[in-house]
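Visitor: Using only what follows, build the 3D model:
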Amino acid sequence: MNYPANVVTIHPYFKVHTGHMDSARSLLTEFVAATQPEPACLFYEFTINGDEVFCREGYLGAEGVQAHLANVGPILDAMLKISDLTRLEFHGPAEEIDKLREPLAALNPAWFVKHNGITR
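Guide: Predicted coordinates for the structure are as follows:
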């Protein structure tokens, strides 16, 4: 699928606390339901490896990212009570990443700026 040039992806990794995977799975369902109607969301999915949860998600520009984070804030707060955010990455074109650096600095993410690639 050809994506617009302004796509920003988020890559959070959570380590679920012992005994809380059932609660985490329930929250993943809530995340998906809340994200489904977001018009700037291009894709959103969770994968699980043991006690680690990963979310692969993409949005139209920095504005789409910020709208999503505002939308899922309460669910994310609940997830962070039963897991640790072990890594957080934002990937995208420099002009979109630069719009996110200041407002999301407190999350201490890794910032990846797009260099080149292929879309089909």
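Visitor: you'd agree residue 80 is in a helix?
Guide: Yes. Counting by DSSP: H, G, I helix; E, B strand; the rest coil, one finds residue 80 located in a helix.
Visitor: Burial check on it, number of neighbours?
Guide: Residue 80 is surrounded by 11 other residues when neighbours are defined as other C-beta atoms under 10 Å. Yep, even glycine has a C-beta here, placed from its N, CA and C like the rest.
Visitor: From residue 10, how far off is it?
Guide: Using C-beta to C-beta, to the nearest Å, one gets 15 Å for the distance from residue 80 to residue 10.
Visitor: For this structure, which segments are assigned as strands?
Guide: Defined through DSSP state E, the strands belonging to the chain, from first to last, are 7-16, 41-49, 52-60, 83-92, 110-113.
Visitor: Please convert these to CSV, extending it with distance to residue 70.
Guide: Written out in CSV, the entries for the strands of the chain read as follows (distance: least, C-beta to C-beta, whole Å):
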stretch, distance to residue 70
strand 7-16, 13
strand 41-49, 13
strand 52-60, 12
strand 83-92, 16
strand 110-113, 20
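Visitor: can I get those strands in TSV with distance to residue 34 and mean neighbour count?
Guide: Supplementary listing: those in TSV, determined by distance: least, C-beta to C-beta, whole Å; neighbours: other C-beta atoms under 10 Å:
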stretch	distance to residue 34	mean neighbour count
strand 7-16	15	20
strand 41-49	10	14
strand 52-60	12	19
strand 83-92	17	17
strand 110-113	25	13
